[in-house]
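J.: Give me coordinates for this.
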Amino acid sequence: MNQPTINLQDYLDQLLKAGRDLVEQGKESSKGVTKKAKELAAKGEDILVDKLGIEDNAASREALRKGVGAGAAAGALALLLSSRSGRKLAALGGLAGLGTLAWKAYQKNGGEMPKSAQDIIGLLSGKEADKRANAILRAMIAAAKVDGRIDDAELALIEKAGTGGTDALKLALSEPESAQDIAALADSDQAAREIYAASARIADGLNPKERAYLDELAMALKLDPELAARLETDVRTGS
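T.: As a prediction, the model looks like this:
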């Protein structure tokens, strides 16, 4: 079997839009949630196969799932990210909306128009798009790991979806990346704003660990404090 070709931008866009769908489907029945969860889980597993460079066959995928629970964690983590990004990012139009919000926040904060609007995630293509999507995805995962906590609603969603339970997810959440590691992924000012906006939507800063992480991330990204505050407000209100 050939190794999959993964479009990280499309996958991340689906994650950002999935929260609203999962919530609405969950109100009606578990069938819709399970279907969406399995789709996200399968794509998350594809990405692991692609990134780890393992041979893509039934045996290797089974070993991946059983060995460290990575396959199950990929599906559960996809649900965790989508539930935490939820309605607001979905209302913004997913990935393109996130980029536009980050750009507008900069303008509202008195910044000049970027030299090239093409640096906004929704306008990138090819390798540049995948590079930015990968950075934002890593930022979201790091933000989800900050407190290492899964609340009751997230737990219920993951268990209902049957992606492998929470043990593998807890393992995946056990070693967060540092704010400096995530900041190093930003290759432009616009990338820095998008990374911070996505992180602020996942880690809402309502507990000390999340607040400390976001403050450290803003400093590492060299964001003006007023701009960081505006990004947090806008990404949570959908402004």
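J.: Could you use CA atoms for every contact and neighbour count after this?
T.: Fine.
J.: Quick one, grab the pLDDT at Asp234.
T.: For Asp234, the model assigns a pLDDT of 88.
J.: now swap in Arg193 and tell me
T.: pLDDT recorded at Arg193 is 94.
J.: by contact count, what packs against the helix or strand hosting it?
T.: Using DSSP states H and E, Arg193 falls within helix 189-202. Helix 189-202 sits against helix 70-91, helix 94-108, helix 126-145, helix 208-220, helix 225-237, with contacts defined as 3 or more Cα pairs under 8 Å, 6 or more residues apart in numbering; DSSP states H and E.
J.: one more time with 7 Å
T.: helix 70-91, helix 94-108, helix 126-145, helix 225-237 (3 or more Cα pairs under 7 Å, 6 or more residues apart in numbering; DSSP states H and E).
J.: Need the residues that contact the second one.
T.: Just to be clear, that refers to helix 94-108. Helix 94-108 has contacts (Cα atoms under 7 Å, 6 or more residues apart in numbering) with 13, 16-17, 89, 92, 113, 120-122, 190, 193-194, 197, 227, 230-231.
J.: Report the rounded mean pLDDT for it.
T.: The pLDDT scores in helix 94-108 average 83.
J.: swap in the third one?
T.: Looking at helix 126-145 alone, the average pLDDT works out to 85.
J.: how much does it deviate in direction from helix 208-220?
T.: Orientation of helix 126-145 against helix 208-220 (axes from the mean of the first three to the mean of the last three Cα atoms, to 10 degrees) gives an angle of 150 degrees.
J.: Output the helix holding Arg193 in CSV, but only the C-alpha positions, please.
T.: C-alpha atoms of helix 189-202 as CSV (Å, rounded to 0.1, in the frame of the first residue of the first chain):
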residue,chain,number,x,y,z
ASP,A,189,4.9,38.5,11.8
GLN,A,190,1.6,37.2,10.4
ALA,A,191,2.5,33.6,11.2
ALA,A,192,3.2,34.7,14.8
ARG,A,193,-0.2,36.3,15.1
GLU,A,194,-2.0,33.2,13.7
ILE,A,195,0.0,30.9,16.0
TYR,A,196,-1.0,33.0,19.0
ALA,A,197,-4.6,33.4,18.0
ALA,A,198,-5.0,29.6,17.6
SER,A,199,-3.2,29.0,20.9
ALA,A,200,-5.4,31.4,22.7
ARG,A,201,-8.6,29.7,21.5
ILE,A,202,-7.4,26.3,22.7
